[in-house]
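Chemist: I would like to see how this sequence folds:
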Amino acid sequence: MFRKEATLITEEAIHSRLLELRESCPTAEREDAIKDLVKDIVKYAVLSHRWLDSGEPTFYDILKSFKPYGYEKLVKFCEKASEFGCRLAWSDTCCINKDSSTELEEAIRSMFKWYRDAHVCIAYLSDTTSIDDLPEDVWFTRGWTLQELLAPWRMKFYGSNWLPLTSDVNDKENLELMAALSRATRIPLDDLRHFQPGINNVHEKMMWASTRTTTRIEDVAYSLIGIFDVSMMVAYGEGKRAFYRLMEAIIQKCDEWQIFAWAGPCSSDSAAFPDSPGGYRPLNPVDSNDALLPSTVWRGDQNIVMTKRGLQIQVLLVDLSQQEATVYERIGTTDVRSDAYSSYTAGVVDYWCYDASGDGILQPEQEHLCVLLRPDPRSPHAGWRKVTTANLVTIRTETKLRRTLTKVWL
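Modeler: As a prediction, the model looks like this:
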């Protein structure tokens, strides 16, 4: 289909593109320049939308030339793709043979890359008439649309009746629309426009996903694979275990104490993880920001690891019955003092470390995140069990507290 155009790529064009690439990436090679030129020729558009309850055209509908109720949306999408100079258009409703488990798994694991490499992502927000009512659109409540918002470099948003929400070619360059999207999603502008996948800022990314839902339970996890840039098998039918496996994949590379800032039901596979992103709660942005710390200072365990005994982590233990600290519950964004946990031990996860002595330090009057622990009655030699709480629990001490760290398994 594109063979003729590809054969017209000249050495001069390759050399020119290579020089352009090396301005932003000095290590770019000839092969990178050729791929970039081919990408200009084989341009494709992707669709981001909320599925209809029924009537979306399927893979087999297209093969049989059957036109269900949702076919009109597909036609409109293809028309918009053509306006962007794309001769190829991809929609998740009909471009995946979902009867093939192999093809379905490849699509799910490659989805982020496909949206990132697209010439344009066309987002259809059927409930929206203007930027003002954009936050009310159901599109913002769906799990898969999070990566469809973050992955593309270029997006064009259309409201009801396929009317564009702005006059810009790339809506990611429209500051008014981006500001509205940021308010609706709580995602910073820089991430909306220049998102990079990875296991950094896990807590923040989980907060973005915390209010979103998916039709299938497993998709809560599968829709985040690309955002965190992790690899995991797709196995529909495993239920909420999919999210546990996602967390397991993340924790292999993550050393952020903020990953424990969750409350509510835990995974049935591990008390160390919530059963969904909905368990994550807001943190105080001042106390949780470690970006400006010098290299000789760190917070929390930098070597968290999954073992046969559970998640292994070093914590600073504080016996709450000794009244060494004041306990608070984070209810919404407000800290409320609580006396309900005096029979437990606090395992502080965000203690300060200033050397390699094996000691942790709690600074006076500073909020410290902790997990509540109690001796394991089923196996006293195993150590501690994590206690489930409805809200985040933090402690504060009046004086500086220095203590040897303790290894626990959750």
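Chemist: Stretch 196-204: end-to-end distance?
Modeler: 13 Å (Cα to Cα, to the nearest Å).
Chemist: And the contacts of it?
Modeler: Contacts with stretch 196-204, where a contact means Cβ atoms under 8 Å, 6 or more residues apart in numbering, come from 112, 151, 226-230, 250, 253-254, 256, 258-259, 261, 280, 283, 288. (Each C-beta comes from the backbone N, C-alpha and C, glycine too.)
Chemist: In strands, which of the residues you listed fall?
Modeler: Judged by DSSP state E, the subset of the contacts of stretch 196-204 located in strands is empty.
Chemist: Buried ones among the residues you listed?
Modeler: 112, 151, 226-230, 250, 254, 256, 258-259, 261, 280, 283, 288 (16 or more other Cβ atoms under 10 Å).
Chemist: From those residues, which land in helices?
Modeler: Among the buried ones among the contacts of stretch 196-204, DSSP state H puts 112, 226-228, 250 in helices.
Chemist: So which of these is the closest to residue 21?
Modeler: Of all those, residue 21 sits closest to residue 112, with 22.1 Å by Cβ to Cβ.
Chemist: what pLDDT does residue 4 get?
Modeler: Residue 4 carries a pLDDT value of 68.
Chemist: Residue 206 contacts residue 280, doesn't it?
Modeler: Yes. Using Cβ atoms under 8 Å, residue 206 makes contact with residue 280 at a distance of 4.3 Å.
Chemist: the helices in this protein, which residues?
Modeler: 3-7, 11-24, 30-41, 59-63, 71-83, 101-117, 144-150, 175-185, 189-194, 202-209, 219-222, 225-228, 241-251.
Chemist: could those be laid out in CSV, adding distance to residue 93?
Modeler: As requested, the helices of the chain are exported to CSV (distance: least, Cβ to Cβ, whole Å):
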stretch, distance to residue 93
helix 3-7, 29
helix 11-24, 35
helix 30-41, 25
helix 59-63, 8
helix 71-83, 7
helix 101-117, 12
helix 144-150, 12
helix 175-185, 23
helix 189-194, 25
helix 202-209, 22
helix 219-222, 15
helix 225-228, 19
helix 241-251, 22
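Chemist: if we can go back for a sec, so what sits against both of residue 206 and residue 280?
Modeler: By Cβ under 8 Å, 6+ apart, residue 206 and residue 280 have these common neighbours: residue 262.
Chemist: what sits against residue 244?
Modeler: Per Cβ under 8 Å, 6+ apart, neighbours of residue 244: 267-270, 273, 275.
Chemist: Residue 367: neighbouring residues, count only.
Modeler: Residue 367 has 18 neighbouring residues, counting by other Cβ atoms under 10 Å.
Chemist: no, scratch that, I was asking about residue 238
Modeler: By other Cβ under 10 Å, neighbour count at residue 238 equals 15.
Chemist: That one - nearest residue in space that isn't next to it in sequence?
Modeler: residue 218 (6.1 Å; Cβ to Cβ, 6 or more residues apart in numbering).
Chemist: shouldn't that neighbour be in contact with residue 245?
Modeler: No. Applying Cβ under 8 Å, one finds residue 218 not in contact with residue 245, separated by 9.7 Å.
Chemist: hang on, the earlier thing: and the buried ones among the contacts of residue 244, selectable in PyMOL?
Modeler: In PyMOL syntax, the buried subset of those is picked out as below (16+ other Cβ under 10 Å):
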select buried, resi 267+269+270+273+275
